[in-house]
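# Quick one, what's the 3D model for this:
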Amino acid sequence: MTSAGLHVTRTPARGTRRGTVVAVHGMMESGPTLHGAADAWAATGWEVLAPDLRGHGRSPRWDPADQLHAGDRLTEDLVAVLDELAVGSGVGADSDGAGSDAGSGSGAGVTEPLVLFGHSAGGGVVAAAAALRPERVAGVLLEDPFWRLPVTSRQDRAVAEQAYRDLVARQTRSLAELAAEGGVAHPGWDPAELPAWAHAQHDADPVLVRHGHVIPTPPWPDLVRRLTAARVDVLVVTGGVSPEVGMTARHRRLLVGSGARLAVVDGASHFVRRDAPARFAAISGEFLAGLAQPK
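Residues are numbered from 1 along each chain as shown. This is a model prediction of the structure:
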């Protein structure tokens, strides 16, 4: 556990150590749902720390009395993780689901490259946290971040209510039923992804999902500009199924105009790493390899 109470899943680096990736999942998922990507990165020398955001997995539930904007609270939690790494205290973590409580002890923000990865809502939180600690971050890798246009930190009430109803309905079904349904809805996904996804649905806090306001309050184009001005390498990987899925043409222009790099994976949806795992592994692997090289 971190000082913020977040549960963290650790995937140890294998072979020559390159650095640390702090990987953040999207809404209604969890650290273990990033296992496929984490394992690929670990095989090339990157330790991966995947916290469960507040209201997800084994981390604390959302406090409905909390007056701070939800996206900003999630950002504060992630900044606490980065601060613990920076002072070399390590982050208490399970070792790739093995149940170990050993800390990572890497001090990654000081002695080696620290990269932040985020998917969907986790991408927005990652960008906001990195912008608060740019001196500690070598790169930011975002998989189809949940950013609105027009730019806003507020969720449509009808969207949040529907997501809440859908989650509550999923939580009435067994893990086996959910995994089977996920396989039908996403036939291209590796079946190994489905059990963790099903567990994450059961573990997600409906109160936070109903709240919905998980985009941090700083405007996301400003966050990208702040990061690139601080010489933090930013790469956004998005799907190319249609303009309605992922980054629209306007999103893409704003991103590139703000100094970020963009990779579009044809045939992939919002879940790029699951729809096109080999392509995602190649893109993210190349990005990490570049950050591991001495400047």
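# Poorly predicted segments of the stretch 51-200 of the chain, please.
89-90, 92-111 (pLDDT under 70).
# run the last query once more with 50
Applying pLDDT under 50 to the stretch 51-200 of the chain flags residues 97-110.
# Helices along that one, start to end?
Using DSSP state H, counting those that start in this stretch, the helices found in the stretch 51-200 of the chain span residues 70-86, 108-111, 121-132, 157-170, 175-185, 194-203.
# Adding distance to residue 292 and mean neighbour count, write these out as a markdown table.
For glycine as for every other residue, the C-beta is placed from the backbone atoms N, C-alpha and C. Formatted as a markdown table, the helices of the stretch 51-200 of the chain follow (distance: least, Cβ to Cβ, whole Å; neighbours: other Cβ atoms under 10 Å):
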| stretch | distance to residue 292 | mean neighbour count |
| --- | --- | --- |
| helix 70-86 | 17 | 22 |
| helix 108-111 | 12 | 18 |
| helix 121-132 | 18 | 27 |
| helix 157-170 | 38 | 14 |
| helix 175-185 | 34 | 14 |
| helix 194-203 | 27 | 20 |
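# Let's have these in TSV, adding distance to residue 214.
Written out in TSV, the entries for these read as follows (distance: least, Cβ to Cβ, whole Å):
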stretch	distance to residue 214
helix 70-86	5
helix 108-111	25
helix 121-132	5
helix 157-170	9
helix 175-185	22
helix 194-203	15
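# Indicate which one of those helices is closest to residue 16.
Closest approach to residue 16 among these is made by helix 108-111 (14.8 Å; Cβ to Cβ).
# Buried residues in stretch 229-236, which are they?
232-236 (16 or more other Cβ atoms under 10 Å).
# closest to residue 40 among these?
Ranking these by separation from residue 40, with Cβ to Cβ as the measure, puts residue 235 on top at 15.9 Å.
# What residues are bridge-paired with the closest one?
residue 141, residue 261 (DSSP bridges).
# Would you mind confirming that it is in contact with residue 143?
No. Using Cβ atoms under 8 Å, residue 235 makes no contact with residue 143, being 9.7 Å away.
# just to revisit the earlier point, so which of the helices of the stretch 51-200 of the chain is nearest residue 259?
So among the helices of the stretch 51-200 of the chain, helix 121-132 is nearest, using Cβ to Cβ, at 12.6 Å.
# Remind me what the closest one packs against, helices and strands.
strand 19-24, helix 70-86, strand 114-119, strand 139-143, helix 220-229 (3 or more Cβ pairs under 8 Å, 6 or more residues apart in numbering; DSSP states H and E).
# can I get the CA coordinates of the fourth one in PDB?
Listed next in PDB are the C-alpha coordinates belonging to strand 139-143 (Å, rounded to 0.1, in the frame of the first residue of the first chain):
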ATOM      1  CA  GLY A 139       8.100  10.400 -20.500                       C
ATOM      2  CA  VAL A 140       4.300  10.100 -20.500                       C
ATOM      3  CA  LEU A 141       2.600   7.400 -22.600                       C
ATOM      4  CA  LEU A 142      -1.200   7.700 -23.000                       C
ATOM      5  CA  GLU A 143      -3.500   5.200 -24.400                       C
END
